[in-house]
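Model the structure of this input:
(chains A and B)
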Amino acid sequence: MDASLIDYSRAQFALTAIYHFLFVPLTLGLSFIIAIMETIYVKTNKPKYKKMTKFWMGLFAINFAIGVATGIIMEFEFGTNWANYSWFVGDIFGAPLAIEGILAFFLESTFFAVMFFGWNKVSKGFHLLSTWLVAIGSNLSALWILIANGWMQYPVGMKFNIDTVRNEMSNFADVALSPVAISKFLHTVGSGYVISSLFVIGISAWYLLKGRNIAFAKSSMLIGATFGLIVSIFLFITGDESAHQVALKQPVKLAAMEGLYEGKTQAGIVAFGILNDKKNVDNDENTYLFNLEIPYALSILGYRDSFAYVPGLKDLVYGNEKYNIESAEDKIKKGKIALEAFKDYKKFKNQNKIEESNNSKFLFETYEDYFGYGYLDNPKDILPPIGLTFYSFHIMVSFCMWFILLFMVILFLLLKKDITTQRFWLYASLYSIPLGYIAAEAGWIVAEVGRQPWAIQDLMPVGIAATNISSTNVQITFWLFAFLFTALLIAEIKIMTKQIKIGPNGGH
Amino acid sequence: MFENLNYLQLQHYWWIIISLLGGLFAFMMFVQGGQMILGKISKNDEVLKTMLINSLGRKWELGFTTLVLFGGALFAAFPLFYSTSFGGAYWVWMSILFCFIIQAVSYEYRKKPNNFLGQKVYEIFLYINGSLGVFLLGVAIATFFSGSQFYINEHNFTTWENSLRGLESLGDPFNVLLGISLVFLVRILGAMYFINNIDNEIIRQRSISSIKIDMIIFLVFFLNFLYFLFTKSGFSYNENGYVSLEKYKYINNFLQMPVVGIIFLLGIVLVIFSVFNTIERKKTSCIKIAGIGTVLTVMALFINVGFNNTSYYPSLTHLQSSLTIQNSSGSQYTLTVMSYVSLLVPFVLAYITYAWYQMDKVKITEEEITAEDAHNY
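Numbering: from 1, shown residues only, chains lettered A, B, ... in the order given. As a prediction, this is how the structure comes out:
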């Protein structure tokens, strides 16, 4: 397959995923915030909470629509743009997507209508239940899609079938309860909750800066900041577990996240650093132009042991006997043996040569775990883009720290001071809305770019996953999607800002 | 329970589920049908149009969701179809997706201030989704009977052998007949839905007029489609999986599976009966019977093309690459696991019905739509 096809297929999927993930996180968290607001309304029966619920619900609906639109594209793009992938792992990967449809989408879409149009048609209790069910449905949807994604990062619960040339599921529980999938789900929804909290406190701060809707804004801010503080701490904890799983299952990604070329014990985490772009795995240049390190932290984060050895990129490419790390070159050699044995098996089977085909099958099974490496040519092909992964990771972590501080300060100011006079923190809240999105997208880049060149970790490189199609077709659809999504994004932002300007008193 | 079924039984079970989802999706496309006749029924009266759009807007997501589930179920249960059809007929599916993306935002954005593209553009989006989207889906489904040009290698990777990547199916009149039939069927369903869901005499009268014309056009195209279907050769396979052409395969399938044939006929009769009741007896709730009729008809067509040793996705250029429910399905383990998940479908249908009932107990009125605190599309 030609490089431009792979590049455009990747770019198209990345484009869809990035746009999708601009809208989904807000849906995930705002749905819960709205449900909390409505619960307070039902408990207290105070109309101001109903008005509050309806205002934020209006913004939720504007955002929700594009999330749904981009979501359908992602599901079908597995087939349209990654047809070989769809066959190779469809037996496993398709299941979570189908379950997502049955368990989550219908819950969301059925009760979404009740939530918006049922205020005067159904009882208060049923309406509240509908609001909670939309929140649960949205998050259940995230659960199943992230189980599918988690499986791509850490494929378990399956067996390769040499006759059908695909991976087949052997244990559903292993797929659904994979520690990578679970930590990925918790961390990703956590990021959505934080974004939503930032959204609520940021917009509320804007009202306070403008001197409008003061009581409404303060109450919204209190709910947003309380929720935000709890979920940002939760995000920090799940991030730690996520990184631990990366260390265990995707050591190349971890090394790239930290720009760690030389493996070491008592490894520290780079709190801040600028990479030296002349550095690569074959030279002895300094890794950083500048860096600040927290001692021991990477060993603890990765392996829960301050003295643990953390393999560097050089170890993973060239191997390290002392620490029993196999080189990529050896893996590629074994992979090519597996690939040859696989082809021989097919050939002998077609010729009805039973003994030869059995021998080939045995040889294949011996090296089966390296099968995916057989498609690589150079040991350095296992390396993802280091700079992009490194900076994305550090942006994500730094912003998370800032969000925790912000939520704490806002809560303090709300409870102990007159927040309307604290213009610095009000502006900080407002300008932190885009930071939340940047952090979430950076996290997505760490997860997805950091695992390159693999479509399925160690099993299938992206180069053979794509649909066999001329790159012109994909280029055209890439630009069509880029144009359409951008137009819709502009529409969303313009509608959102207008609705915010109208405010809770002038809307529907 | 499902462990006791053999592989073939599971494959059959899953094809029935796919057929049911296909039928439900066809029914849910009353939303698309309604979108096509918005202008015709409202005649640009803004209040009437708002009533119509709000009536549809409370249901559009379920159709969207059914499409997603239909895709997900195919991915899980018949992954070789998923990779072959979606990757192969690239432009048909991409065009369908474009038609559906623009629907998703249109309801919510159409009347919002500062909506960037203007109200008219979103209404055109709804029309495109309704007409082109449904037509292309009909064409894509017709290829289940007419076949496509692809080759599957020994690794089960697909090569599409026509550079138009699926658009070539538009050149086959048989496919076009089903596409147009589907368009007019969903227009009829859309009009029936309006009659049932909205309390307004003008809308009712205009919907009935619309149904009269659309029913005639639908019958012309659908009967022609059936004529071609029942007289053409079909793609049959033997116990070794060898695919060959068989004369009158699809009418034979109905005759050899009489229950499926009866379901098919019953479905058509129910649709015709509903139209008659709507027009002549002025009944307002015929969407329910017409919906059941649509589900049964589409289900029977899917079962016809998937069962009785029939290749449901035939290859025109390399007959032995044709897909059958046996050579394209997921593994036995996956089908078993997914079968347990499928037990949730009745539960899902039950809560959808309950929520709909709660919401539709009182029909949409002009007062409701023009109320100040209403969340309107």
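
ranges for the strands of chain A?
In chain A, the strands defined using DSSP state E lie at A:158-161, A:166-169, A:264-265, A:269-275, A:288-294, A:309-310, A:454-456, A:460-461.

Quick check: closest non-adjacent residue to residue B:161.
Distances taken as CB to CB, 6 or more residues apart in numbering or on different chains put residue B:149 closest to residue B:161, at 4.4 Å, once the chain neighbours are dropped. Placement of C-beta: from N, CA and C, glycine included.

Now do that neighbour, the pLDDT please.
Listed pLDDT for residue B:149 reads 97.

List the contacts of the closest residue in space to residue A:505 that isn't next to it in sequence.
Excluding its sequence neighbours, the residue lying closest to residue A:505 (CB to CB, 6+ apart) is residue A:213, at 7.0 Å. By CB atoms under 8 Å, 6 or more residues apart in numbering or on different chains, the contact set of residue A:213 is A:207, A:503-505.

returning to what we had before: could you report the neighbour count for the residue nearest to residue B:161?
21 (other CB atoms under 10 Å in any protein chain shown).

can you give me phi and psi for residue B:144?
phi -60, psi -30 (degrees, to the nearest 10).

Now do the buried residues in stretch B:35-53.
Within stretch B:35-53, the residues scored as buried using 16 or more other CB atoms under 10 Å in any protein chain shown are B:35-38, B:41-42, B:48-53.

no, scratch that, I was asking about stretch B:153-162
Buried residues in stretch B:153-162, counted by 16+ other CB under 10 Å: B:155-162.

And for stretch B:291-301?
For stretch B:291-301, using 16+ other CB under 10 Å, the buried residues are B:291-301.

tell me the average confidence for it?
On average, stretch B:291-301 scores 98.

now it: how far from the chain's centre is it?
On the basis of CA atoms, centre = their mean, to the nearest Å, stretch B:291-301 sits 10 Å off its chain's mean C-alpha point.

Could you list the contact residues of the stretch 201-350 of chain A toward chain B?
For the stretch 201-350 of chain A, the residues in contact with chain B (CB under 8 Å from any CB of the partner chain) are A:346, A:350.

on that earlier part again, just the buried residues of stretch B:291-301 now: which is nearest residue A:178?
Nearest to residue A:178 out of the buried residues of stretch B:291-301 is residue B:299 (CB to CB; 36.0 Å).

which helices and strands sit right next to the longest helix along chain A?
Ranked by number of residues, the top helix in chain A under DSSP state H is helix A:3-44. On a contact count with 3 or more CB pairs under 8 Å, 6 or more residues apart in numbering or on different chains; DSSP states H and E, helix A:3-44 meets helix A:47-80, helix A:124-153, helix A:179-210, helix A:214-249, helix A:423-449, helix A:471-506.

Now for residue 23, how many residues are close by?
Assuming you mean chain A. For residue A:23, the tally of surrounding residues (other CB under 10 Å) stands at 21.

try again with chain B
Using other CB under 10 Å, residue B:23 has 25 neighbouring residues.

With chain A as the reference, measure out to it.
Relative to chain A, residue B:23 is positioned 16 Å away (criterion: CB to the nearest CB, to the nearest Å).

Kindly report the residues of the stretch 101-250 of chain B close to chain A.
B:101-105, B:107-109, B:112-117, B:154-160, B:163, B:165.

go with 7 Å
B:101, B:104-105, B:108-109, B:112-117, B:154-159, B:165 (CB under 7 Å from any CB of the partner chain).

give the contact list for residue 80.
In the absence of a named chain, this looks at chain A. A:467, B:86-87, B:90, B:93-94 (CB atoms under 7 Å, 6 or more residues apart in numbering or on different chains).

meant chain B, my bad for not saying
A:87, B:156, B:323, B:328.

if you set the cut-off to 10 Å instead, what comes out?
Counting by CB atoms under 10 Å, 6 or more residues apart in numbering or on different chains, residue B:80 touches A:83, A:86-87, A:90-91, A:164, A:166, B:74, B:152, B:156-158, B:313, B:323-324, B:327-330.

Among the residues you listed, name the ones in helices.
If you go by DSSP H, these have A:83, A:86-87, A:90-91, B:74 in helices.

Which two of the residues you listed have the greatest separation?
A:83 and A:91 (14.7 Å).

hang on, the earlier thing: name the nearest of the contacts of residue A:80 relative to residue A:308.
When the contacts of residue A:80 are compared against residue A:308 (criterion: CB to CB), the nearest one is residue A:467, at 41.9 Å.

Do me a favour and get the backbone dihedrals for that closest one.
Note on residue A:467: its backbone torsions stand at phi -70, psi 140 [degrees, to the nearest 10].

Kindly provide the distance from it to chain B.
According to CB to the nearest CB, residue A:467 stands 4 Å off from chain B.

For burial, what's the neighbour tally of that residue?
Neighbours of residue A:467 (other CB under 10 Å): 27.

give me every residue that touches it.
Listed by CB under 10 Å, 6+ apart, the contact set of residue A:467 reads A:1, A:5, A:9, A:77, A:79-86, A:473-474, B:83, B:86-88, B:90, B:157-158, B:160, B:165.

rerun that using 6 Å as the cut-off
A:81, A:83, B:87 (CB atoms under 6 Å, 6 or more residues apart in numbering or on different chains).

How far away from the center of its chain is whatever helix or strand residue B:193 lives in?
Per DSSP states H and E: residue B:193 is located in helix B:173-197. Counting by CA atoms, centre = their mean, helix B:173-197 is centred 10 Å from the centre of its parent chain.

can you list the residues that contact it?
Contacts for helix B:173-197 (CB under 6 Å, 6+ apart): B:29-30, B:32-34, B:36-37, B:55, B:134-135, B:138-139, B:142, B:146, B:169, B:203-204, B:207, B:210-211, B:214-215, B:217-218, B:221-222, B:224-225, B:228, B:278, B:284-287, B:290.

and the angle for the helix or strand just after it with helix B:173-197?
Downstream of helix B:173-197, the next assigned helix or strand under DSSP H and E is helix B:201-231. Calculated by axes from the mean of the first three to the mean of the last three CA atoms, to 10 degrees, helix B:201-231 forms an angle of 150 degrees with helix B:173-197.

For helix B:201-231, buried residues please.
Buried residues in helix B:201-231, counted by 16+ other CB under 10 Å: B:203-204, B:206-208, B:210-211, B:214-215, B:217-219, B:221-222, B:224-226, B:228-229.

and the least confident of the contacts of residue A:213?
Within the set of the contacts of residue A:213, pLDDT is lowest for residue A:505 (87).
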